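Visitor: I would like to see how this sequence folds:
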Amino acid sequence: MDTKWLEWAKQIQAISQTGLTYAKDVYDIERYEELRRISIDILSNYTSVNKEKISLTFASDSGYATPKVDIRGVVFRKNKVLLVREKIDGAWALPGDGVTSAYHHQK
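Guide: So this is what the prediction gives:
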């Protein structure tokens, strides 16, 4: 199945998010809000997810649009796995953290 529509929705959402961050003019803000609605409509049309959930999960970020990357590691010791409790929801997870755009891998 061709998923070009998903890339378009992501790009449109990122443009709207960044535009809403820097726009000062009421007309520009309206245009960027419309782009956000279009990205939500695209996802709603091609998936079974309702628009409200898409708005909350996909199109609710603010600020300059940057890739969201998370790095996790697994530690085994004597047939046990190291887990940590997440601060945000108290769930158990592998140790790790989000990576900022300033992160550079050293070879």
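Visitor: so where's the chain shaky on pLDDT?
Guide: Counting by pLDDT under 70, the low-confidence segments of the chain come to 1, 100-107.
Visitor: buried ones in the top helix by length along it?
Guide: Of all segments of type helix in the chain, defined using DSSP state H, the longest is helix 26-46. Within helix 26-46, the residues that qualify as buried are 32, 35-36, 39-40, 42-44, counting by 16 or more other CB atoms under 10 Å. Placement of C-beta: from N, CA and C, glycine included.
Visitor: among these, which pair sits farthest apart?
Guide: When the buried residues of helix 26-46 are compared pair by pair using CB to CB, the two farthest from each other are Tyr32 and Ser44, 18.8 Å apart.
Visitor: returning to what we had before: run through who's touching the longest helix of the chain.
Guide: Taking CB atoms under 8 Å, 6 or more residues apart in numbering as the criterion, the residues outside helix 26-46 that touch it are 5-6, 8-10, 12-13, 15-17, 19-20, 23, 49-51, 54-55, 58-59.
Visitor: out of those residues, name the ones that lie in helices.
Guide: 5-6, 8-10, 12-13, 15-17, 19-20, 51, 54-55.
Visitor: from the residues you listed, list just the buried residues.
Guide: When those are checked for burial by 16+ other CB under 10 Å, the buried set is 9, 12-13, 16-17, 19-20, 54-55.
Visitor: could those residues be laid out in JSON lines, adding distance to Ala91?
Guide: Rendered in JSON lines, the data for those read as follows (distance: CB to CB, whole Å):
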{"residue": "Ala9", "distance to Ala91": "28"}
{"residue": "Ile12", "distance to Ala91": "32"}
{"residue": "Gln13", "distance to Ala91": "26"}
{"residue": "Ser16", "distance to Ala91": "31"}
{"residue": "Gln17", "distance to Ala91": "27"}
{"residue": "Gly19", "distance to Ala91": "34"}
{"residue": "Leu20", "distance to Ala91": "31"}
{"residue": "Ile54", "distance to Ala91": "23"}
{"residue": "Ser55", "distance to Ala91": "24"}
